[in-house]
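A.B. asks: below: sequence and its predicted model.
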Amino acid sequence: MTSLPSADDRSIRDAHGSARVSPDWVRISYASAMALRFRSGRFTRPFDFGGINLLLNYDDGCLSDCGYCGLARSRAGAYEEKSFIRVEWPLVETDELIARMREREDKLSRLCISMVTHGRAFEDTMEISRKIRAEVKTPLSILVAPPVLNEGRLREMKHAGVDMIGIGVDAVTEALFHKTRTDVPKGGLDWNQYWDVVGLSREIFGPWKVNCHLLVGLGENDADLFGLFDSLASRQIFSYLFCFNAEPESRMADHQKSTIKRWRRVQLGKFLLEERGYGIDSFRFDGDGMLSAMKIDEAEVEKVVSEGMAFMTNGCPGEGGEPGCTRPMGSWRAAEEPRDYPWKPHGDDLAEIRAQLDLPEVIGDGGSYAQPTGRRVPPVAGRFAE
Ligand code: SF4
C-alpha cells in the first residue's frame with residue numbers, strides 16, 4: 001500500500017479547537033480509507049476489498065495499556081499520532097463515512113467497529129451501529145471491549161442488528177495475558193472477564209457468530225495454540241489468527257515475531273484441525289510444546305497446501321460466505337512478505353509457502369495416519385466461487 005498522510009485529518013481538534021471524537025468521528029483503516037476514496041493509493045496486488053474497519057476515537061484514547069499495542073496508554077506520543085497495527089488510521093466524520101459506504105454498498109462485504117476501553121465506548125458503538133444499520137445492509141461485526149460490557153449490553157447489540165462479535169483475546173494463556181495485559185503500568189485487563197464475555201456472546205449470538213482474535217508470537221507454544229483452536233471449535237466459536245508484529249515504541253517493540261516456518265505450520269495445522277476435521281491427537285508436540293509432527297496423510301496435506309486457503313487471512317465472512325474482513329495489514333507491513341494473504345495465494349505465492357513450510361520435517365515419518373473426525377468448522381477465510 002502507498003500512504004499519503006494528511007496533517008489535517010490526523011488532528012483530533014478541528015479549526016475551532018473542538019475535539020473530533022466518537023460518535024461523530026471515527027478512525028478507519030488505511031485500506032478502508034482507500035476503498036472509500038478518503039485516501040488515494042493502491043495495493044501491491046489488485047484484489048476485491050470490501051471489509052471496512054472503524055475504530056472509536058477519543059482524545060484520551062484507549063484506557064488499557066497492553067504491552068504490544070500501538071494505542072497503549074503508556075506508549076510515547078500524543079494519541080492522535082499513534083498508529084494501530086503499524087499504519088495510519090485516518091480520522092473521518094461518521095456521517096460522511098456512512099454516506100460513502102451506502103454509495104459503494106454493492107462492493108462491501110463486512111463492516112466492523114473496533115471498540116476501545118473507554119467510558120463512552122458502549123453508547124457510542126450503539127449510536128454508530130444504529131446509524132449504519134439504518135443506511136447499509138452489509139453485515140456488521142463489533143470487535144468488543146469486554147471491560148465496558150455485560151449481558152444486557154451484548155443483548156442490546158444483538159437487538160440493534162449486529163451480526164457477529166469479535167473478542168481480542170490475543171494472549172492465549174492466562175500467564176501471558178497477565179504479563180502483557182494485566183500486570184501493566186496503567187489500566188490492566190481481566191482474563192476471566194474476557195472469557196465471560198466470550199461465553200455470553202456465544203449464548204446470545206449463537207454458533208459461529210463469535211470469534212476470538214489470537215496472536216502468534218507473544219511467548220506461547222504451539223500446544224497452547226492448538227489446544228485453544230480445538231476447544232473454541234468444540235464450542236462453535238471461531239479462532240482468527242494474527243501474527244505478532246512489533247509496534248514501534250510499544251513496550252514490546254524489541255520482541256521478535258515468530259519465524260515464518262512456525263507461522264506457516266500453525267496456519268496449516270489450524271486449517272487441518274478446523275476445516276479438515278483432524279483431531280488434536282493428529283498433532284505431536286516436542287518437550288517445549290512446539291509442533292513436531294502431523295500424523296496426517298501426505299496427499300491430504302499436499303492438497304491443502306496447493307489450495308492455498310489455509311494461508312489466507314482469517315476474518316468474518318461476507319453475506320454469502322465469501323471473504324469479508326481481510327484486514328490487509330493486520331499481521332504484516334506493506335514492505336514485508338504477506339504473513340496471511342487477503343487474496344487466494346497461487347503460483348509464486350504457493351512456491352514460497354511450500355519452501356517456508358519445510359514439510360518433510362513434520363510429515364511422512366512412516367507412522368500410522370490419523371483419520372479425520374466428523375467435526376468441521378465453517379471456513380474462516382470465506383470461499384470464492386470456483
Ligand atoms: S475479523 Fe474483522 S470483522 Fe471480524 S471481528 Fe475481527 S476485525 Fe472485526
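C.D. replies: That came through fine.
A.B. asks: next SSE after the helix or strand of the chain with the lowest mean pLDDT?
C.D. replies: None of the helices or strands of the chain scores lower by mean pLDDT, DSSP states H and E than helix 30-35, at a mean of 91. Per DSSP states H and E, the first helix or strand lying C-terminal to helix 30-35 is strand 51-56.
A.B. asks: that next one: partners in the sheet, and parallel or antiparallel?
C.D. replies: Note on strand 51-56: by DSSP bridges, its sheet partners are strand 25-28 (antiparallel), strand 110-114 (parallel).
A.B. asks: for the ligand, which of these is the nearest?
C.D. replies: strand 110-114 (3.1 Å; Cβ to the nearest ligand atom). For the C-beta atoms, the positions are set from N, CA and C on the backbone; glycine is no exception.
A.B. asks: wait, does the closest one contact the ligand?
C.D. replies: Yes - applying Cβ under 6 Å from any ligand atom, one finds strand 110-114 touching the ligand at 110, 112.
A.B. asks: what average pLDDT does that strand get?
C.D. replies: Averaged across strand 110-114, pLDDT comes to 97.
A.B. asks: only alpha carbons, please: show that strand as PDB.
C.D. replies: Coordinates of each C-alpha in strand 110-114 appear next as PDB, following Å, rounded to 0.1, in the frame of the first residue of the first chain:
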ATOM      1  CA  ARG A 110     -18.200  -6.800   6.000                       C
ATOM      2  CA  LEU A 111     -18.200  -3.800   8.400                       C
ATOM      3  CA  CYS A 112     -16.600  -3.800  11.800                       C
ATOM      4  CA  ILE A 113     -16.400  -1.300  14.700                       C
ATOM      5  CA  SER A 114     -13.500  -1.800  17.000                       C
END
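A.B. asks: so what does whatever helix or strand comes next after it touch, helix or strand wise?
C.D. replies: Remark: after strand 110-114, the chain's next helix or strand is helix 121-135, criterion DSSP H and E. Packing partners of helix 121-135 (3 or more Cβ pairs under 8 Å, 6 or more residues apart in numbering; DSSP states H and E): strand 51-56, helix 94-103, strand 110-114, strand 140-144, helix 151-159.
A.B. asks: middle-most residue in this structure, spatially?
C.D. replies: Closest residue to the average C-alpha location of the chain: residue 213 at 5.3 Å, with Cα atoms, centre = their mean.
A.B. asks: so how far is the least confident helix or strand of the chain from its chain's centroid?
C.D. replies: Distance, stretch centre to chain centre, for helix 30-35: 16 Å (Cα atoms, centre = their mean, to the nearest Å).
A.B. asks: other SSEs contacting that helix?
C.D. replies: strand 51-56.
A.B. asks: just the angle between the strand it packs on and helix 121-135, please?
C.D. replies: Angle of strand 51-56 versus helix 121-135, following axes from the mean of the first three to the mean of the last three Cα atoms, to 10 degrees, is 140 degrees.
A.B. asks: about what we covered before: now tabulate the helices and strands packed on helix 121-135 in a markdown table and tack on mean neighbour count.
C.D. replies: Converted to a markdown table, the helices and strands packed on helix 121-135 look like this (neighbours: other Cβ atoms under 10 Å):
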| stretch | mean neighbour count |
| --- | --- |
| strand 51-56 | 26 |
| helix 94-103 | 16 |
| strand 110-114 | 26 |
| strand 140-144 | 25 |
| helix 151-159 | 15 |
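A.B. asks: closest one to residue 336 among these?
C.D. replies: Residue 336 lies closest to strand 51-56 among those, at 19.6 Å (Cβ to Cβ).
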